[in-house]
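**Student:** how does the following fold in three dimensions:
(2 chains)
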Amino acid sequence: MIADSPLFWIIALPFTASLLAICLPARARDAVTWLGGIATLSCLVLTARLYPSVAGGETIRHEVEWIPELGLDFTLRMDGFAWMFALLVSGIGFLVVIYSRYYISPEDSVRRFYFFFLAFTGSMLGVVTSGNLILLVVFWELTSIFSFLLIGYWYQNVAARDGARMALTITAIGGLALLAGVLIIGHIVGSYDLDDVLASGTRIRSHQLYVPALVLILLGALTKSAQFPFHFWLPNAMAAPTPVSAFLHSATMVKAGVFLMARLWPVLSGTPEWFVIVGLAGMASLVLGAYLAMFQQDLKGLLAYSTISHLGLSTLLLSLGSPLAAVAAIFHMINHATFKASLFMAAGIIDHETGTRDLRRLSGLFRYMPITGTLATVASAAMAGVPLLNGFLSKEMFFAETVERHADHWLDIVTPYAAVLGSALSVTYSVRLIHSIFLGAPPESFPRRPHEPPFWMGFPVLFLVLACLVVGTIPGLTIGTYLHVAVESVLGADTPQYSLAVWHGFTLPLAMSTVALVGGTLLYLAIGDYLEASERPLLLGRINGQRIFEQVMVAISWRGARSLEAILGTRRLQPQLQLLMLAAVAAGAIPLAVDGLTLGKYEVKGPELAFAGLWIVGAACAVTAARQAKYHRLASLVLLGGTGLVTCMTFMWLSAPDLAVTQLVVEIVTTVLLLLGLRWLPKRSQAIVEPVGAAARLRRLRDLGLAIAAGAGMTVIAYAVMTRIPPETIAEYFLERSYLEGGGRNVVNVILVDFRGFDTFGEITVLGIVALTVFALLRRFRPAPDSIERPEQQHIQRVFDEAYPERKPDATAHDYLFVSSVIMQWMFPVIIVLAAYLFLRGHDAPGGGFAAGITMAAGFILQYMAAGTVWVEDRLRILPVKWIGGGLLVAVGTGAGAFLAGAPFLSSHFQYLDLPFIGEVPLATATLFDLGVFLLVVGATVLMLIALAHQSIRRLRASRIEEQA
Amino acid sequence: MELILAIAIGVLTGSGVWLILRPRTFQVIIGLSLLSYAVNLFIFSTGGLHVGQAPVLGPDGSGTLAEHADPVPQALVLTAIVIGFATTALFLVVLLASRGLTGSDHVDGREPR
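**Tutor:** Numbering: from 1, shown residues only, chains lettered A, B, ... in the order given. Have a look, this model is predicted:
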């Protein structure tokens, strides 16, 4: 079964909780928080309990077949690395849930927040535990989408909308590239399974498609991790609520990029292309991010650029291609998640307490919030890489790696200098952060006096900062073993010897650390005041990724679209349809002209006089309808019905009673529908002068030519097809099994509701959608001014009634078609019985849900025609939308019922039942499905017809209101 | 038989094509209906024309193509008829809305100049 694996529940719990959250009442703040807390905590516990097996070097796998033909399985896979990340995601997720309880204000929709938030958590856990690359891409895209929704959480805010859109555009483009890259990898390896891919590193690297695959996958990873040159979306994403920034945009989602690079590191790294692309992106992000972070005046903006810089550090480490560097990269990802999440949450507290995030306005807060101040200072120190904190350890490993020689390339020579520079700048902005917020003169003006937050709001910060401290002082005892498990699962046999000790003696990396710390502090002392006053970054202020992005967007989506429309588009329908028809005729004619036309060997039946007579009438109706459609709409409609009836008789004649029945009832409702529509079309009399110029005549001649060509072509093709003996088709299959496996003798119906039930399900869904669209369009329907007046006939009747004092107004119209309407009303039960009859016999004899449904709908609409809308609705409450919904639910429920028997969706079961008085009745689940079809068809047809019929009483009401006014 | 039906399909197609190239929305909707008859008949005819063959299996529930009508094109056409009705309804409402909004029943939403 699906549900017996803890891995499955780690993914399923957050999604389930998110759906529950949105179903809770809007005011249930605490309930939603509890729900989120329990879900994330359960994930945390489930993950933690998997540690023994993961630590033993085991890879836990959980597989469910999805589309095995495409190599696509729902495979979840957890090894040490995935375990570490799952723990990080669920753990920080849990802390953020607690924090958000106090952060999200009561005016905002808490359940919407947790709905997105929990769904994101599930998607992120899906990314880290996917064992199939395609599945990974699916979850990857889901994280992008939920990130979009969360950034745009305050959708009233322009910055939030713009930031959300930018983030989605960039990460979704990356996701698309990633999908393409993954497909190439799948092509090279022959499987999308992660284990297979990880085992074929040499094959991938030596394949000629390696470079395209690498570039595409890196596009995905670098956009997601906001690496240069795609970094600019991250600062704009800071319009999100702060818990979102803490969780998605520092601890988890942006880590997905570096996670993927580390995951595929054994397969993709070690080549010059990898070294250059990843190295350049990482180095640029490291230095540029730190540089730009210094100049930020927005607290969250500073943290965002700092995130770019720190992710750049991990990227740069991964580029080096040495196992030891990979260890450092993984270690730094974890460290960064802890100190950055705590800093973001501290930033949220400060924003919450003071009402501003502007570093220029914040100062001297330490005296009001000493605890938050202390915690933020320790976290900043970890960010700056101060000894005895976790940031120091990974930075030390980073320095040690950069001084090693990895490749004979200028980039490798520059790396140590860039590393020191980046770290020094990181020290500068960390110092600036603490100095300008917590130290200095007491604040002059705040909306309210700031104080410490509630305990549970500060608790997550406290917890994470303690983690920074503990890991930083006794790494070997705390993180050591877990890190080792994670590293070993990525590197396998290549796992190097490394030591997590705080003190390694006087080494070159220590010297580099010292230079960075001292240099960064001195830099702050030198230019701190300048930074505090600067409007935009020095030198790079004018090069703005955001502006370039916006210009590109405008160029593509506005100017490009406009000019393309100007070149290719026309607002006139007729030339478009002419081209379409011309293309269709050409598409039919060219093969005939090239290959010639041959008739098949099937012996055609001789002409039958009655059949010929039938079609003489049918063709005459069609041609006359075509001629009269402009000036005599009613006549044309009647003639159309004539052709329809001839078609119906043809079906009857040619052994297709099912089609004949359906065609007949559809013909009825179509005619009623068009009749109802006629009322709203403009009057047209022959007095209107036709354009008779040469141009108009030429146009008509051309259309006539096209029509004749199309008609003649269809005749030729249809005849050629009919002279061929039908090839071996699946028809025999259906005929043989219809009764054996579907339990019905009416093969057509069995195909519809059983063999091809899924297609029919799609079809009735379309039908429901169309009906709802019709309904929605008509709700806002406004008739043209010249159609609002009562029709001429009613007018004359009214004048007549008013002329005779003994007549009541509208009395003439009242008795209109009196006899027929009485008959129509009496026929109502008869029609219902007929519909039921058609439905019940459908499985074994001509009939079925479609025909029965339309018959039933015709019964309803006849009542409307006979007695008028008001009369019917006083007596009969028809709720077509419920019929539609009920029909779909019955169909889905029948299909899903097969799951209970362990069979795939829409598997059917049947038996015959002997009912008293009625006799033997086929009782198949397919009949239940057919009931869904029936209900939906009734609902959809009635909804469309009634919506149209209602227009005339709406108009009357409107005109009465006007008369009274 | 075959020839008659083929010519009938051709006539319906021709009338339909002529109508959908006309400028008034009502003409187009009639044209589309005629075209859909033609297409349905064509698809139906691909299974071969069978006069007087059983459409439904006998009591023993077995059957072959030699003595029964081809059910596959029939199943295809049956849903096509219903979907055709739905699209006709949708088109009708769109043309009414367009007429209400623009005041014109020209297919372009405005009278030609």
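
**Student:** what helix or strand does the residue lying farthest from the centre of chain B sit in?
**Tutor:** Each residue of chain B has a distance to the centre, and by Cα atoms, centre = their mean the biggest one is for B:Asp60: 35.0 Å. Applying DSSP states H and E as the criterion places B:Asp60 outside every helix and strand.

**Student:** tally of neighbours for A:Asp786?
**Tutor:** 9 (other Cβ atoms under 10 Å in any protein chain shown). Bear in mind the C-beta positions are built from the backbone N, C-alpha and C, glycine included.

**Student:** quick one: contacts for it?
**Tutor:** A:Pro682, A:Lys683, B:Gly103 (Cβ atoms under 8 Å, 6 or more residues apart in numbering or on different chains).

**Student:** and B:Ala89, what does it touch?
**Tutor:** So B:Ala89 contacts A:Leu673, A:Val770, A:Ala771, A:Val774, A:Met944 (Cβ under 8 Å, 6+ apart).

**Student:** again, only this time at 7 Å
**Tutor:** A:Leu673, A:Val770, A:Val774, A:Met944 (Cβ atoms under 7 Å, 6 or more residues apart in numbering or on different chains).

**Student:** give me the spatial nearest neighbour of A:Leu592, chain neighbours excluded.
**Tutor:** A:Val716 (7.4 Å; Cβ to Cβ, 6 or more residues apart in numbering or on different chains).

**Student:** figure out the helix or strand that the residue most central in space within chain A lives in.
**Tutor:** Residue closest to the mean C-alpha point of chain A, counted by Cα atoms, centre = their mean, is A:Ile145 at 7.2 Å. Assigned by DSSP H and E, A:Ile145 belongs to helix A:133-151.

**Student:** next SSE after that helix?
**Tutor:** helix A:158-189.

**Student:** mind checking the pLDDT average for the helix or strand following that next one?
**Tutor:** Once the chain leaves helix A:158-189, the next helix or strand it forms, by DSSP H and E, is helix A:194-198. Averaging pLDDT along helix A:194-198 yields 91.

**Student:** run through chain B and note the low-pLDDT ranges.
**Tutor:** B:113 (pLDDT under 70).

**Student:** in it, where's the longest helix?
**Tutor:** Across chain B, the longest stretch assigned as helix under DSSP state H is helix B:71-102.

**Student:** ok, now chain A?
**Tutor:** Max-length helix for chain A by DSSP H is helix A:925-964.

**Student:** which parts of it are buried?
**Tutor:** A:925-952, A:955 (16 or more other Cβ atoms under 10 Å in any protein chain shown).

**Student:** mind giving me the PyMOL select for the contacts of A:Asp786, buried ones only?
**Tutor:** Applied in PyMOL, the following selects the buried portion of the contacts of A:Asp786 according to 16+ other Cβ under 10 Å:
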select buried, chain B and resi 103
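
**Student:** wait, is A:Asp73 part of a strand?
**Tutor:** Yes. Under DSSP: H, G, I helix; E, B strand; the rest coil, A:Asp73 falls within a strand.

**Student:** ok, the residue farthest from the centre of chain B to A:Ala924 distance?
**Tutor:** Relative to A:Ala924, B:Asp60 is positioned 18 Å away (Cβ to Cβ, to the nearest Å).

**Student:** next one: A:Phe781
**Tutor:** 42 Å.

**Student:** which residues in chain A form strands?
**Tutor:** Here chain A has its strands, by DSSP state E, at A:60-67, A:72-78, A:910-915, A:919-924.

**Student:** name every strand pairing with the longest one and say which way it goes.
**Tutor:** When you say that, I think you mean strand A:60-67. strand A:72-78 (antiparallel) (DSSP bridges).

**Student:** tell me the angle of the partner strand relative to helix A:133-151?
**Tutor:** With axes from the mean of the first three to the mean of the last three Cα atoms, to 10 degrees defining the directions, strand A:72-78 sits at 80 degrees from helix A:133-151.

**Student:** now strand A:72-78: average pLDDT?
**Tutor:** The pLDDT scores in strand A:72-78 average 88.

**Student:** off-centre distance for that strand?
**Tutor:** 21 Å (Cα atoms, centre = their mean, to the nearest Å).

**Student:** what of stretch A:732-750?
**Tutor:** 38 Å.

**Student:** now swap in stretch A:262-279 and tell me
**Tutor:** With Cα atoms, centre = their mean, you get 31 Å for stretch A:262-279.

**Student:** pull the CA atoms of that stretch into CSV?
**Tutor:** Provided in CSV are the C-alpha atoms of stretch A:262-279 (Å, rounded to 0.1, in the frame of the first residue of the first chain):
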residue,chain,number,x,y,z
ALA,A,262,25.6,19.2,-4.0
ARG,A,263,23.2,16.4,-4.8
LEU,A,264,24.5,16.1,-8.4
TRP,A,265,28.0,17.1,-7.4
PRO,A,266,29.5,13.5,-7.8
VAL,A,267,28.0,13.3,-11.2
LEU,A,268,28.5,16.7,-12.8
SER,A,269,31.5,18.3,-11.1
GLY,A,270,35.2,18.0,-11.8
THR,A,271,35.1,19.3,-15.3
PRO,A,272,36.5,22.6,-16.5
GLU,A,273,33.0,23.8,-17.5
TRP,A,274,31.7,23.1,-14.1
PHE,A,275,34.7,24.8,-12.5
VAL,A,276,34.3,28.0,-14.6
ILE,A,277,30.5,28.4,-14.6
VAL,A,278,29.9,27.5,-11.0
GLY,A,279,33.1,29.2,-9.8
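
**Student:** for stretch A:382-398, buried residues please.
**Tutor:** A:382-387, A:389-398.

**Student:** which residues does whichever residue of the stretch 401-550 of chain A sits closest to chain B contact?
**Tutor:** Closest contact between the stretch 401-550 of chain A and chain B, by Cβ to the nearest Cβ, is at A:Glu550 (33.7 Å). For A:Glu550, no contacting residues are found, by Cβ under 7 Å, 6+ apart.

**Student:** could you list every residue that touches the residue nearest to the spatial centre of chain B?
**Tutor:** With the centre of chain B defined as its mean C-alpha position, the nearest residue by Cα atoms, centre = their mean is B:Ser36, 1.8 Å away. By Cβ under 7 Å, 6+ apart, B:Ser36 lies in contact with B:Gly84.

**Student:** how about A:Arg357?
**Tutor:** A:Asp298, A:Leu299, A:Lys300, A:Ala347, A:Asp351.

**Student:** which non-adjacent residue is nearest the second one?
**Tutor:** The reference is to A:Leu299. Counting by Cβ to Cβ, 6+ apart, the residue nearest A:Leu299 is A:Arg357, at 4.2 Å.

**Student:** now do the third one
**Tutor:** Nearest in space to A:Lys300, with sequence neighbours left out and distances taken as Cβ to Cβ, 6+ apart, is A:Met238 at 4.3 Å.

**Student:** picking up where we left off before, compare the contacts of B:Ala89 and tell me which is most surrounded.
**Tutor:** Counting by other Cβ under 10 Å, top hit in the contacts of B:Ala89: A:Met944 with 31 neighbours.

**Student:** that one is in contact with A:Ala771, isn't it?
**Tutor:** Yes. Contact criterion Cβ atoms under 7 Å: A:Met944 and A:Ala771 qualify, at 5.3 Å.

**Student:** stretch A:760-773 and chain B in contact?
**Tutor:** Yes. Judged by Cβ under 7 Å from any Cβ of the partner chain, stretch A:760-773 comes into contact with chain B through A:Thr760, A:Glu763, A:Val766, A:Leu767, A:Val770, A:Thr773.

**Student:** the first one: neighbour count?
**Tutor:** Going back to what we said before, that points to A:Thr760. 25.

**Student:** what sits against it?
**Tutor:** A:Leu752, A:Val753, A:Val933, B:Thr79.

**Student:** export those residues as TSV, with columns for distance to A:Ile730.
**Tutor:** Listed next are the contacts of A:Thr760 as TSV, based on distance: Cβ to Cβ, whole Å:
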residue	distance to A:Ile730
A:Leu752	14
A:Val753	17
A:Val933	22
B:Thr79	16
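
**Student:** who wins on neighbours among those residues?
**Tutor:** Using other Cβ under 10 Å as the neighbour criterion, A:Val753 leads these with 33 neighbours.

**Student:** per-residue pLDDT of it, please?
**Tutor:** 84.
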